[in-house]
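**Q** Sequence unavailable; structure follows:
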């Protein structure tokens with residue numbers, strides 16, 4: 001449900017959102033791969049916070065480390081968590097946009 005809402009909201013704002021990896025619909029962790037005009041801005045994970053809500057936390061390699069480092073990180077995460085969702089957002093300020101929608 002959260003992923004669907006995020007995809008619809010991104011599309012309404014003229015951005016592009018796609019599900020790269022579909023996870024468990026109830027318990028899957030959500031990773032957001034943030035891009036702006038095709039440029040990688042980082043990978044963010046939706047995590048519980050101390051207030052009982054959720055926040056986005058940067059995870060994985062820095063964009064400067066390259067696409068191979070990102071692919072290796074995602075492969076390791078998928079092996080350890082087969083319920084994982086990975087959503088790619090290409091929209092200005094993707095991290096903020098995702099946080100407003102799914103946190």
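**A** The structure has been received and is ready for your questions. The model shown is predicted, which means the values in this text are computed figures rather than measured ones.
**Q** what about the spatially most central residue of the chain, is that helix, strand or coil?
**A** Compute the mean C-alpha point of the chain, and by CA atoms, centre = their mean the closest residue is residue 32, 0.7 Å away. Here residue 32 is recorded as strand under DSSP: H, G, I helix; E, B strand; the rest coil.
**Q** show me the contacts for it.
**A** Contacts for residue 32 (CB atoms under 8 Å, 6 or more residues apart in numbering) come out as 43-46, 56, 87-89, 94-95, 98, 102. Where C-beta positions appear, they are placed from N, C-alpha and C, glycine not excepted.
**Q** And the contacts of the strand or helix carrying residue 8?
**A** Element membership of residue 8 [criterion: DSSP states H and E] is helix 2-12. Residues outside helix 2-12 that contact it (CB under 8 Å, 6+ apart) are 16-19, 30, 85, 87, 89, 91, 97-98, 101-102.
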